[in-house]
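>>> Sequence isn't available, so here's the structure alone:
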């Protein structure tokens, strides 16, 4: 349970999004035997939909999902700006970690878990 003692900020929302992405196991051992990114892509699509953005999910292999969303700029004559990240993570063995690699725990002022510094943190910020 999260107890909020102040008005939530944009930073709070990014932390929550990062935690929730970490809790979705998207381990990629490199041979398509992992759970894939589909659940995480669907999670992101839902969050984007909540703020009125449409997105599309594509699969290069069953479960290996990519998500694309477009925000129109004010000047269609200007070049596009691409922001991108990845949702898969390197597999983690819980026994090798001092914290649950898929727990998304906040401790010592940091979000802990597989993907917290590559790349689910950036995905949450985007």
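All right, it came through fine. For clarity, every value in this text was computed on a predicted model and none was experimentally measured.

>>> Report the distance from stretch 80-87 to the chain centre.
Relative to the centre of its chain, stretch 80-87 is centred 12 Å away, using CA atoms, centre = their mean, to the nearest Å.

>>> One more: stretch 65-78?
Between the centre of stretch 65-78 and the centre of its chain there are 19 Å (CA atoms, centre = their mean).

>>> Residue 40: what's it in contact with?
Residue 40 makes contact with 21, 24, 26, 65, 87, according to CB atoms under 8 Å, 6 or more residues apart in numbering. Heads up, the C-betas are built off the backbone N, CA and C, glycines and all.

>>> farthest pair in those residues?
21 and 65 (13.4 Å; CB to CB).

>>> Compare the two (neighbour count), which wins?
residue 21 (26 against 22; other CB atoms under 10 Å).

>>> Angles on the backbone of the spatially closest residue to that one that is not a sequence neighbour, please.
Nearest non-adjacent residue to residue 21, counting by CB to CB, 6 or more residues apart in numbering: residue 120, 4.2 Å away. The phi and psi values for residue 120, taken as degrees, to the nearest 10, are phi -70, psi -30.

>>> Over to residue 87?
phi -100, psi -10.

>>> can you check residue 59 too?
Dihedral angles for residue 59 - degrees, to the nearest 10 - are phi -120, psi 130.
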